[in-house]
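J.: dropping the sequence and predicted coords here.
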Amino acid sequence: MTDQWTVRRSGRATKISSVAMVAFGIALFAVPFGFRTDVVQQLTTLCTLLMMAVMWNVLAGYGGLVSVGQQAYIGFGAYATIFLTQHDVTAYLAVVLAALASGVLAVALAPLLLRLRGGQFAVGTWVVAEALALLVALDEDLGGGTGVSLRGLNTIAPDWRRAYTYWLTLGFTLLLLALVFLLLRRRSGAAIQAIRDDEEAAASLGVRIMPLKFMLFVLAGFGCGAAGALTLANTLFIQPQSIFGVQWSAYMLFMVLVGGIGTYEGPILGAILFFLLQDWFAQYGAWYLIGLGAVAIAFALFLPRGLWSLADDRLPFRLLPVGYTLRPAG
Amino acid sequence: MTPVLEGRGLSMRYGDLQVLTGVDFAVSEGEAVGIVGPNGAGKTTLLNVLAGAVRPSAGTVSFGGRDVTRTRPDQRCRMGVGRAFQVPRPFGGMTVLENVVVAASYGAGLRGTALYTKAVEVLDDCGLTELANRRAESLGLLHRKRLELARCLATGPRVVLLDEIGAGLTDAEAAELVAAVRQIKVGNTAIVWIEHIVHVLVQVVDRLVCMDTGRVIADGSPGEVLGDAVVIDAYLGKAAS
């Protein structure tokens, strides 16, 4: 009886779609050669949003760690870049180092925050973000509350600067997508979801909880730090109250819920939709926020599993398979 | 026979409430022990202590002769202590197969083909093959209970701790469950089974332990324990006598 069945992770169609997705990702590097510079800048913004969405999804959607304080790393990544350039580090190298430093910040905060659960964890992360914002606002060397510009990039011709920033952002986006895919594809993926659904039951099946939560938390810190540093490289100016603002958490939540929480592909769709809506609603002032809220409510009521569920329920294969399926052998 | 899992002088206190008092309990390889007793007797607490979910206020737990009192539940599972909860706790957002995969890969340490073979085998043993690709949250009570058992078995345990896995099932469903538990015994795995449905329990167990107010009040063959005057008074009541 048992030899009639086999466990499959991906079929042929899935493999083809995975290769196509990777090829598409790599092809995006060519955009600056064929499109206007404002398109390049817009795509950079989209990539930073996508990084944030993917990080929040892996943290909350897969790991059950609902954070409303990821802006701590976004802000830290941006201000670490400022700090490093002030100490004569090249701007783009500073971005990379700032992302790594954000990961280190997460390592330092993990023992404190990962002791908290559910709502306590959410509030705890927010408190950390607010505390960091206050610390930065009090530091005059970092521009205080009025904000600060990124120096070092203005020597590069604007078109090339935007292209460089775009390439670095795309590189980070693809790196994070690859890391998340590997994390979910390996056995850790199933364990992380088990922890999300029932921590105690997961432990009773041999899953060591803390190292996995730690890994997710540090990855999300690194990814959000990179997104923050790259947001600065894209806009060249930041203020503590906006880069450490809780609106980033609201955006991440929006993108992930609308795209499809706990799915690999959902946040990518969510980020694209959010980016388009931001563009469309921007001209309507305060209505912009009302519009976003209305869209979020509509999704919560009518499509709670998000946009990706529409495709997922109809496709006979997965675009990027991270689960397990039982199929007849042969 | 040397016990595979043993608790000595186990006491547990929550504030002013003494839940276990100096309990000695042991189960040997291939042996099936049933635990009965009224609500609040400390049965589930004993199971929690044996599984490592709570640390006893006093006493020691040893597994295969080694003191494991201070080990975490995940470590105990990897050593060979499997557990099924009273109220099934499936990973609702994952499929039935993925639930079993977690147990077989982390609990039993299996990888690749060995992992998949084990998963297919356990699903078949527990009658879950047809439901393998369903999300666990969509299962009914009987299938949730089967999944709870399947996950426990997928960890490759030397001892399984079963907590009222028959509760809420019809007689026919309970009979299916008994057949599944009997299968476990065939593999020489020790069984510790808490159950209120005594007529189900006695079909499988070699030994019966009765607890009341945190103490073991009887320990022996099912016949002896069920005929014990103290047990009748504390648990079974006059109707049974």
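T.: Sure thing, it's come through.

J.: enumerate every residue touching the closest residue to chain B within the stretch 51-200 of chain A.
T.: Using CB to the nearest CB, the single residue of the stretch 51-200 of chain A nearest to chain B is A:D197, 3.8 Å away. (Glycine included, C-beta is placed from N, CA and C.) Contacts here follow CB atoms under 8 Å, 6 or more residues apart in numbering or on different chains; on that basis A:D197 touches A:64, B:90-94.

J.: and with 10 Å instead?
T.: A:D197 makes contacts with A:64, B:89-94, B:99, B:102, B:136-137, as judged by CB atoms under 10 Å, 6 or more residues apart in numbering or on different chains.

J.: so is the helix or strand that contains B:V27 next to chain A?
T.: Assigned by DSSP states H and E, B:V27 belongs to strand B:17-28. No - using CB under 10 Å from any CB of the partner chain, strand B:17-28 stays clear of chain A, coming no nearer than 17.8 Å.

J.: give me the angle between the following helix or strand past that strand and strand B:17-28.
T.: Later in the chain than strand B:17-28, the nearest helix or strand by DSSP H and E is strand B:32-36. Relative orientation of strand B:32-36 versus strand B:17-28 (axes from the mean of the first three to the mean of the last three CA atoms, to 10 degrees): 160 degrees.

J.: just how off-centre is strand B:32-36 within its chain?
T.: Between the centre of strand B:32-36 and the centre of its chain there are 9 Å (CA atoms, centre = their mean, to the nearest Å).

J.: check stretch A:134-144 too.
T.: 26 Å.

J.: and stretch B:123-143, by the same measure?
T.: With CA atoms, centre = their mean as the basis, stretch B:123-143 stands 20 Å off its chain's centre.

J.: that one vs chain A: in contact?
T.: Yes - using CB under 10 Å from any CB, stretch B:123-143 reaches chain A at B:123-125, B:128-133, B:136-137.

J.: of those, closest to A:R314?
T.: B:N133 (16.1 Å; CB to CB).

J.: okay, the spatially most central residue of chain A: pLDDT?
T.: Nearest residue to the geometric centre of chain A (CA atoms, centre = their mean): A:M52, 2.5 Å. What the model reports as pLDDT for A:M52 is 98.

J.: repeat for the one 5 residues further on
T.: A:N57 is assigned 96 on the pLDDT scale.

J.: counting neighbours, what do you get for it?
T.: Number of residues near A:N57 (other CB atoms under 10 Å in any protein chain shown) recorded here: 29.

J.: which strands and helices lie in contact with the longest helix anywhere in chain B?
T.: Longest helix in chain B by number of residues (criterion: DSSP state H): helix B:171-186. Applying 3 or more CB pairs under 10 Å, 6 or more residues apart in numbering or on different chains; DSSP states H and E, one finds that helix B:171-186 contacts strand B:32-36, helix B:112-125, helix B:141-154, strand B:159-163, strand B:190-194, helix B:198-201.

J.: swap the cut-off to 7 Å and go again
T.: helix B:141-154, strand B:190-194 (3 or more CB pairs under 7 Å, 6 or more residues apart in numbering or on different chains; DSSP states H and E).

J.: for A:T169, give me its contacts.
T.: Contacts for A:T169 (CB atoms under 7 Å, 6 or more residues apart in numbering or on different chains) come out as A:44, A:47-48, A:230.

J.: let's go with 8 Å and repeat that
T.: By CB under 8 Å, 6+ apart, the contact set of A:T169 is A:44, A:47-48, A:51, A:230, A:233-234.

J.: which one among these gets closest to chain B?
T.: Distances from chain B to these, taken by CB to the nearest CB, are shortest for A:M51, at 23.8 Å.

J.: residues contacting the closest one?
T.: Counting by CB under 8 Å, 6+ apart, A:M51 has contacts A:169, A:172-173, A:176, A:223-224, A:226-227, A:230.

J.: tell me, how many residues neighbour the closest residue to B:A104 other than its chain neighbours?
T.: In space, B:A104 comes closest to B:A154 once its chain neighbours are excluded; the distance is 4.1 Å by CB to CB, 6 or more residues apart in numbering or on different chains. B:A154: 30 surrounding residues under other CB under 10 Å.

J.: who's in contact with B:A154?
T.: Taking CB under 8 Å, 6+ apart, one finds A:205, B:100, B:103-104, B:107-108, B:118-119, B:122 in contact with B:A154.

J.: quick one: secondary structure of B:M211?
T.: Secondary structure state of B:M211, per DSSP: H, G, I helix; E, B strand; the rest coil, is strand.

J.: now do it, the pLDDT please.
T.: With respect to pLDDT, B:M211 has a value of 94.

J.: just the buried members of the contacts of A:D197?
T.: Neighbour-count burial (16 or more other CB atoms under 10 Å in any protein chain shown) applied to the contacts of A:D197 gives A:64, B:89-94, B:99, B:102, B:136.

J.: and stretch A:147-164, end to end?
T.: Distance between the boundary residues of stretch A:147-164 (CA to CA, to the nearest Å) amounts to 24 Å.

J.: buried residues, it. List them.
T.: In stretch A:147-164, counting by 16+ other CB under 10 Å, buried: A:148, A:150, A:152-153, A:161-164.

J.: restricted to helices, list the buried ones among the contacts of A:D197.
T.: B:99, B:102.

J.: can you add pLDDT and give the buried ones among the contacts of A:D197 back as TSV?
T.: As requested, the buried ones among the contacts of A:D197 are exported to TSV (pLDDT from 0 to 100):
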residue	pLDDT
A:G64	92
B:R89	94
B:P90	95
B:F91	95
B:G92	93
B:G93	90
B:M94	92
B:N99	96
B:V102	96
B:A136	94
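
J.: near A:Q247, how many other residues are there?
T.: Neighbour tally, A:Q247, other CB under 10 Å: 10.

J.: now B:D212
T.: Around B:D212 there are 20 residues (other CB under 10 Å).

J.: separation between it and B:V230?
T.: Taking CB to CB, to the nearest Å as the measure, B:D212 falls 8 Å from B:V230.

J.: A:L138 contacts A:A131, correct?
T.: No - the pair A:L138 / A:A131 is not scored as a contact, 10.9 Å apart, by CB atoms under 8 Å.

J.: so where's chain A uncertain?
T.: A:1-2, A:316-319, A:330 (pLDDT under 70).

J.: up against chain B, what does it have?
T.: A:1-2, A:5-7, A:187, A:190-191, A:193-194, A:196-198, A:200-209, A:262, A:323-326 (CB under 8 Å from any CB of the partner chain).
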